[in-house]
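Q: Starting from these lines, generate the structure:
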Amino acid sequence: ERKLAMIEHSNPLGRWPQKVAAVDASLPVVPPTIHPAALQTVQEALLAEEQLAVQYVNARGEAKTQTLHPLGLVQCGSITYLIATAFKDAKVRLYAMHRMESAKRLHEPARIPDGFTLKAFIDAGGMQLGDGPTIRLKAWVSSELGKQLADTRLTENQRLEPVANGFIFTATLPDSWRLSWWILSKTGSIEVLAPKELRQNIGARIQTAATRYVTP
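A: Numbers count the residues shown, from 1 in each chain. Below is the predicted model:
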């Protein structure tokens, strides 16, 4: 940045940062506040591969001290997650950094699952926010949504079969909260055809939402 600032008046290349930008396709949100001291401690323990004692507040507002084995940090939208296992649980879980009130290095070696890599965890759908299995989604999608999915695929194995009023979309995806949120955000442009359980779940949630808009 300093180098470009020095040459921007004499060389057009110096104005390059003013000509490019990245914009999130979703609605902008205000990122949650992370305790700086806790973040620094987590980063240090992660790099040193040491255990952590954290004061963590869950979604119900309950604070609890937990011993964690840090495995990685992931920025997912506006949320920063620590990927870790708990002291007596080998399951890899996500811990939102803004829910950590404090963190302390224990100076004991962290237990890292055999063969774990952060890339493999993400590639396997670890950031999809759910413990569900992989499913084969089949859905009708509108012509507009179908064209979007053709440009920005959800998976490498997705298929789009043209039909009279849109496309039949199929793809193998993790059965997760994020998938449900995505489907609900496209309500007017998608109809889940299979699996049956997901169709029923989405249909029930749409019907519940619709009743909230009925004028008394």
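Q: Confirm for me that residue 189 is in contact with residue 139.
A: No: Residue 189 is beyond contact range of residue 139, at 9.8 Å (criterion: Cβ atoms under 8 Å). All C-beta atoms are positioned from the backbone trio N, CA, C, and that covers glycine.
Q: Look at these two and report which has more neighbours.
A: Of the pair residue 189 and residue 139, residue 139 is the one with more neighbours under other Cβ atoms under 10 Å, namely 22 against 17.
Q: Could you measure from that one over to residue 70?
A: 38 Å (Cβ to Cβ, to the nearest Å).
Q: now do residue 83
A: According to Cβ to Cβ, residue 83 and residue 70 sit 8 Å apart.
Q: Neighbour count: these two, which is higher?
A: More crowded of residue 83 and residue 70, by other Cβ under 10 Å: residue 70, with 26 against 22.
Q: Tell me which other helices or strands whichever strand or helix holds that one touches.
A: Assessed by DSSP states H and E, residue 70 sits inside strand 63-76. Helices and strands touching strand 63-76, by 3 or more Cβ pairs under 8 Å, 6 or more residues apart in numbering; DSSP states H and E, are helix 36-48, strand 50-57, strand 79-86, strand 89-96, helix 118-123.
Q: One more pass at 10 Å, please.
A: helix 36-48, strand 50-57, strand 79-86, strand 89-96, strand 100-109, helix 118-123 (3 or more Cβ pairs under 10 Å, 6 or more residues apart in numbering; DSSP states H and E).
Q: List of residues touching stretch 153-164?
A: Stretch 153-164 is contacted from outside by 125, 136-138, 140-141, 143, 145-147, 149-150, 166-174, 179, 182, using Cβ atoms under 10 Å, 6 or more residues apart in numbering.
Q: Could you tell me which ranges of this structure sit under the pLDDT cut-off?
A: 128-132 (pLDDT under 70).
Q: still on that earlier bit, common neighbours of residue 83 and residue 70, please.
A: 46, 95.
Q: Longest helix in the chain, please.
A: helix 196-211 (DSSP state H).
Q: residues of it that come out buried?
A: For helix 196-211, burial by neighbour count (16 or more other Cβ atoms under 10 Å) applies to 198, 199, 202.
Q: Can you dump the C-alpha atoms of the strand or helix carrying residue 4 in PDB for me?
A: For residue 4, the host element (DSSP H and E) is helix 2-7. Taking only C-alpha atoms (Å, rounded to 0.1, in the frame of the first residue of the first chain), the coordinates of helix 2-7 have been written out as PDB:
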ATOM      1  CA  ARG A   2       2.800   2.400   0.800                       C
ATOM      2  CA  LYS A   3       4.600   1.600  -2.400                       C
ATOM      3  CA  LEU A   4       1.400   2.200  -4.500                       C
ATOM      4  CA  ALA A   5       0.600   5.400  -2.600                       C
ATOM      5  CA  MET A   6       4.100   6.700  -3.600                       C
ATOM      6  CA  ILE A   7       3.600   6.200  -7.300                       C
END
